[in-house]
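*Asks:* my questions are about this predicted structure, shown below with the sequence.
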Amino acid sequence: MASPYAALAQRGLDCASIAVAKDTAGDHQGAREMYFEAAEILFKLSEYELDDARREAYRGKAAGYLNRMEELNKLLGVKAPAVGETLEQWARKEIMADKIMKGAVDEHQESNFRDALKEYLRALAMFADASIQADAEGQARLMDKWVRCEATARTLSNAMGLKNFNPGRKPSTVVLKKPEPSPDFPAAPSGMPPPGGGG
């Protein structure tokens, strides 16, 4: 039986392959967009990967793609903030929030309601924190997770008879930084010459 994440892994591999091909062919704008998409997918895959070595391999490959994307930003004169660092920071926070949420669900299912509520509140704060640096797609995903987590926490709080439930701040919906729109992932070329004159 195929892994439920096989399609996501294949999409990541496809994006990475297209990025490298575009980069090699001199389509640096197209390459940087595909590197970003491949990196996002790899960070998502690392969230679900149970094997530590593979998880780190996904993250390492994603970091390589983001580094190449930043090189292309310089080549193209794109004034972008440290997108690689930003993406990695919010993606890691999202991964951590997902893990906290899973722990909350486990506690909830085991009828450890107070511990579950405490973990739901931690997850809510982490989802909101991650959204500050996320791109528009990431913010939408984080808002969806926050809303589901908040509804569950509120229901649990009400069932426990607690008053004055405060889920904390909501995720950001203002995009601060947005770049242009377990397979063997190809390596991103490094230090390629700038595009030819005029084009």
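*Replies:* Perfect, thanks for sending it.

*Asks:* contacts and neighbour counts: CA atoms only from here.
*Replies:* Noted.

*Asks:* beyond the helix or strand where Arg55 lies, next helix or strand please.
*Replies:* Element membership of Arg55, judged by DSSP states H and E, is helix 52-76. Sequence order places helix 83-109 as the next helix or strand after helix 52-76, per DSSP H and E.

*Asks:* gap between the helix or strand following that next one and the chain center?
*Replies:* Later in the chain than helix 83-109, the nearest helix or strand by DSSP H and E is helix 113-131. Average the C-alpha atoms of helix 113-131, do the same for its chain, and the two points are 18 Å apart (CA atoms, centre = their mean, to the nearest Å).

*Asks:* and helix 113-131, what does it pack against?
*Replies:* Packed against helix 113-131 by the contact rule (3 or more CA pairs under 8 Å, 6 or more residues apart in numbering; DSSP states H and E) you find helix 83-109, helix 136-159.

*Asks:* what's the angle from that helix to helix 83-109?
*Replies:* Put simply, helix 113-131 runs at 160 degrees to helix 83-109, going by axes from the mean of the first three to the mean of the last three CA atoms, to 10 degrees.

*Asks:* list the buried residues in helix 113-131.
*Replies:* By neighbour count on 16 or more other CA atoms under 10 Å, the buried set for helix 113-131 is 113, 116-117, 119-131.

*Asks:* for stretch 71-80, same thing?
*Replies:* Under the neighbour-count criterion of 16+ other CA under 10 Å, stretch 71-80 has Glu71, Leu72, Asn73, Leu75 buried.

*Asks:* what angle sits between the helix holding Arg55 and helix 83-109?
*Replies:* 150 degrees.

*Asks:* show me where pLDDT drops low in the protein?
*Replies:* For the chain, the stretches flagged by pLDDT under 70 are 1-5, 79-88, 169, 171-185, 188-199.

*Asks:* coming back round to it: how far away from the center of its chain is the helix holding Arg55?
*Replies:* Distance, stretch centre to chain centre, for helix 52-76: 13 Å (CA atoms, centre = their mean).

*Asks:* make JSON lines from the buried residues of stretch 71-80 and add distance to Asp106 to it.
*Replies:* Formatted as JSON lines, these follow (distance: CA to CA, whole Å):
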{"residue": "Glu71", "distance to Asp106": "43"}
{"residue": "Leu72", "distance to Asp106": "44"}
{"residue": "Asn73", "distance to Asp106": "43"}
{"residue": "Leu75", "distance to Asp106": "48"}
